[in-house]
Every structure is written in structure tokens, then in C-alpha cells.
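# Sequence and computational prediction follow.
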Amino acid sequence: MKNSSDRTFTRTVKSWIAYDAGNSAFATTVVAAFFPIFYLEFWASNLPKIEASIYLNWTLVICNVSILLSGPVIGAITDINQSTKKSLTIFTITSVFFVGLLYFLSVGSWIYALVFFGIANYCFCVAQIPYDKILTKISTPEKFSIISNQGYAWGYAGGGLLFIVNALMSIYPSSFGLASQSDAIRVSFLMVSVWWLLFLIPLLLNFQETRDHHKSKGVVLSSLKNIVTTLKSVYQYKNAFLFLIAFFLFIDGAHTVIYLASTFALNLGLETSSIIQALILVQLVAFPATLIWGYVANRFGDKLVLYITICSYIFIIIYSTTLSSALEFYLLAAWVGCVQGGIQGSSRGYFGKLIPKEKAGEFFGLYNVMGRAGAILGPLLVGSLLTLYGNVRIALLPIAILFIIGGLLLTRVNNEIA
């Protein structure tokens with residue numbers, strides 16, 4: 001019999017995976033689906049759609065700039081005072097609180113909606129820093145890829161399950177004792193909060209971290225010094241830094257597709273029900289696809305997975321400019337579902353193998369800055385072109401360039417720490 005240290009999926013690892021099933025409800029129900037739809041159709045219903053879309057894009061830019069400035073510091077702090085678990089808890093609960101507040105907003109409250117969403121999205125993103133760091137504490141490098149992809153896969157399953165329930169609520173509100181579709185969507189925000197908290201509990205119970213209580217003073221200054229020291233030693237960690245630049249570009253494109261898919265479809269004139277059905281399709285496809293990518297990465301390497309998914313996204317962007325019907329949008333959604341988990345899971349697993357374990361928080365702080373705040377370029381490009389031309393099809397094309405350059409840089413990364 002194998003002891004617990006030899007098993008890949010220990011109780012702690014399963015708890016780590018479970019958290020992804022919880023926080024993915026925010027990414028799916030709130031970010032990808034109901035917030036952009038409800039924002040345009042309800043909170044900002046008194047504004048032209050293009051104008052409202054521009055405000056949403058700039059909210060994402062501001063949010064991501066905030067992550068850019070604070071992410072590395074937060075990661076470095078968790079290395080110094082071993083506050084990984086505490087940081088994850090604080091940011092998760094804060095995000096949960098502001099998601100819940102969306103329930104109380106009335107029609108026309110688009111400014112409050114953007115503020116609450118911006119805070120919730122910021123905390124969701126920076127909570128990913130300690131969460132990703134925990135991966136390096138609960139397993140060994142050769143298992144990072146399979147565990148990372150499992151996390152994303154079950155995230156799609158968990159987030160997708162709640163989203164299906166929320167979608168049915170929005171389509172058939174009277175069957176759930178609700179007066180209207182708007183009431184159903186508002187209740188969905190509360191359900192995401194509760195769901196996310198429930199899936200946080202196993203990790204809090206099963207992940208133990210020894211705190212260093214002697215390093216509480218001057219911790220921010222110490223973290224800044226550590227970041228400067230690390231940045232000065234770029235050559236020592238050249239593969240990790242080169243990967244971060246490539247990741248900044250190609251994951252920027254992937255996140256832009258996720259964030260703006262619903263807005264894109266609405267501007268093309270698709271019905272809300274068609275968009276919701278397409279997003280359900282993404283979750284149904286993404287779960288098995290991401291599990292498969294995990295086994296492919298474990299056997300053939302993460303870089304092969306990244307090359308395939310990057311090329312796929314380039315064709316997705318090109319195909320999106322030809323959309324004219326709900327059926328074509330469904331095909332696009334299925335395609336995205338096939339590759340989305342692969343590019344996310346293999347990026348995290350591969351990066352975990354390139355960094356020193358003692359600096360995992362600091363490096364994953366930089367990683368999440370590049371991944372989350374990396375989405376600055378995408379929304380900025382889309383928002384700028386929307387402002388200039390008012391044509392959402394043209395606005396998406398430059399995103400393909402980000403994938404191309406990111407993929408070319410990835411070829412320069414070697415599979416080693418130094």
C-alpha cells in the first residue's frame with residue numbers, strides 16, 4: 001500500500017482542487033455570463049450598448065492595473081511571514097461579500113455595479129496568488145501538471161453545475177418561485193457567494209501552514225526588497241522570466257476572450273438565452289477536455305499542450321469575425337471549451353516547475369500579475385478600437401497577435417529552473 005506522501009491525490013490535494021470548484025462559480029456565473037449580460041440589459045439599460053461596453057472595458061483595465069501594482073507584493077509577503085492561508089481567506093471572503101452586494105442593486109445602478117464587480121474581481125484574482133502557491137506546498141514538481149489540470153477541470157465541473165442551475169433559474173424563474181428573470185439573476189449572485197464559501201472550508205481544514213510571528217514588522221518593505229532582489233537576478237531565473245513574458249501575451253488573449261465573449265455576442269444581436277446556452281456548452285466540454293489535457297501534459301509535456309492551444313485560439317479569433325448566427329456561436333463556444341482549461345492548467349503546472357520553491361509566493365505573485373493584469377492589453381485594445389470604430393468584429397482581431405508573439409517566445413523557454 002502507498003503511504004499518503006506517495007499518493008498524488010491526497011486529502012489536502014483534493015481540498016485544493018475543491019476550492020477551484022468553488023471559485024470557478026464566480027468566473028463562470030458572474031464574470032463570463034450574468035454580470036456582463038445583466039450590466040448591459042439591467043443596470044446600464046439607460047445607456048447605449050457600445051458606451052456601456054466601453055465603461056466595462058475600462059473597469060477591467062483599472063482592476064488589472066491594481067493587480068499589476070499589488071500582486072507581486074502580496075505574493076512576497078506570503079513568503080516572508082507564511083500568510084498563504086490567511087491571505088487566501090481574506091481575499092476570498094472580501095470577494096464573496098461584494099458579489100453578494102450585487103443582489104441589492106436596482107435598475108440604473110451601473111456605477112455601483114462596476115465598483116462592486118471591480119472589487120470582487122480584484123480580490124478573486126489576487127486570491128489566486130496564495131492558492132497557486134499552495135500547489136507547490138502540497139505536492140512535488142512531477143505532479144504539478146496533472147494536479148493543476150485537475151483543478152481547472154473540476155473547476156469547470158463545479159462552476160458549470162452551479163451555472164446550469166442559475167441558467168435554468170433565469171430561463172424559468174417561475175419554476176423556482178421567482179417573479180422574473182432579473183430576480184433570478186440577482187439571486188444567482190447570492191448563490192455564488194454561498195457556493196464559493198462552502199468549497200473554501202475543506203482547504204481551510206486540511207491545509208496547515210506554520211506561521212512565523214516574528215516577521216510581522218516591516219513586512220511590506222521586506223517584500224519589496226525581495227522583489228527587487230529577484231528582478232535583479234533575472235539571469236539566474238531566466239527561463240521563469242522568459243515564460244512570464246510569453247504567458248503575459250498569450251494568456252492575455254485567452255482572458256480577453258473569456259471576459260468579453262458575452263459582450264461580443266450581445267453586440268452581434270444574439271439573444272441572451274442563446275448566450276447562456278453557449279456558456280453552458282463551454283462548461284460541459286471543458287471538464288472532460290481539461291482532464292484529457294492533464295494526461296497529455298503528464299505524458300508528453302506542458303509545452304506541447306500550450307503550442308496546440310495557442311494555435312487553436314488564433315483560429316478562434318479569426319473564426320469569431322465571421323459569426324452571424326447562434327449555431328456558429330455554439331460552435332465557437334465548444335471550441336473555446338476544448339482549449340481553455342488546457343492553456344490554463346499547463347501554464348500553471350509548467351511555471352511551477354521553473355521556479356524555486358522557497359520563492360513560490362513571490363513568483364506566483366508575478367505569475368498572476370502577468371496572467372490577470374496581463375489582460376490589460378486585451379481590453380485596452382478592444383476598448384480603444386470600439387471607441388474609434390464602434391465595430392466589435394474589428395476590435396477582436398489584434399488579440400490574435402498576442403497569441404502569435406507569446407507562442408514564439410515560448411519556444412525560447414527551456415525545461416529547467418536555471
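Structure received.
# For S170, list the residues it contacts.
By C-beta atoms under 8 Å, 6 or more residues apart in numbering, the contact set of S170 is 34, 181, 184-185, 188, 276. Every C-beta, even on glycine, is put in place using the N, C-alpha and C of the backbone.
# Tell me how many other residues surround A278.
With neighbours defined by other C-beta atoms under 10 Å, the count for A278 comes to 24.
# which ones are touching the closest residue to it other than its chain neighbours?
Nearest residue to A278, sequence neighbours excluded (C-beta to C-beta, 6 or more residues apart in numbering): A333, at 3.9 Å. Taking C-beta under 8 Å, 6+ apart, we find A333 in contact with 261, 278-279, 281-282, 285.
# Also L102?
With C-beta under 8 Å, 6+ apart, L102 has these contacts: 30, 35, 113, 116-117, 120, 186, 189.
# Let's see that with 7 Å instead.
113, 116, 189 (C-beta atoms under 7 Å, 6 or more residues apart in numbering).
# about what we covered before: would JSON lines of the contacts of A333 with distance to F9, secondary structure and pLDDT be doable?
Listed next are these as JSON lines, based on distance: C-beta to C-beta, whole Å; DSSP: H, G, I helix; E, B strand; the rest coil; pLDDT from 0 to 100:
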{"residue": "A261", "distance to F9": "32", "secondary structure": "helix", "pLDDT": "69"}
{"residue": "A278", "distance to F9": "32", "secondary structure": "helix", "pLDDT": "80"}
{"residue": "L279", "distance to F9": "29", "secondary structure": "helix", "pLDDT": "78"}
{"residue": "L281", "distance to F9": "28", "secondary structure": "helix", "pLDDT": "85"}
{"residue": "V282", "distance to F9": "25", "secondary structure": "helix", "pLDDT": "84"}
{"residue": "V285", "distance to F9": "23", "secondary structure": "helix", "pLDDT": "91"}
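# what about the stretch 301-418 of the chain, any weak spots by pLDDT?
Judged by pLDDT under 70, the stretch 301-418 of the chain has its weakly predicted residues at 372-376, 379, 390-393, 395, 415-418.
# Please, where are all the helices along it?
302-320, 326-354, 360-372, 377-389, 392-396, 399-410 (DSSP state H, counting those that start in this stretch).
# Distance from the longest one to the middle of the chain?
Spelled out, it's helix 326-354. 11 Å (C-alpha atoms, centre = their mean, to the nearest Å).
# do the same with the last one
Remark: helix 399-410 is offset 19 Å from the chain centroid, using C-alpha atoms, centre = their mean.
# If you count neighbours, what's buried in it?
Applying a neighbour-count criterion of 16 or more other C-beta atoms under 10 Å, one finds 399-400, 402-404, 406-407, 409-410 buried in helix 399-410.
# Can you name the element that comes right after the lengthiest helix in the chain?
Taking DSSP state H as the assignment, the helix of the chain that covers the most residues is helix 49-81. Following helix 49-81 in sequence order, the next helix or strand is helix 84-101 (DSSP states H and E).
# between that next one and helix 49-81, how big is the angle?
Put simply, helix 84-101 runs at 160 degrees to helix 49-81, going by axes from the mean of the first three to the mean of the last three C-alpha atoms, to 10 degrees.
# ok, and for helix 84-101, which residues are buried?
84-85, 87-89, 91-92, 94-96, 98-101.
# rewinding a little: nearest to I67, of the helices of the stretch 301-418 of the chain?
Comparing the helices of the stretch 301-418 of the chain against I67 with C-beta to C-beta, the closest turns out to be helix 360-372 (4.9 Å).
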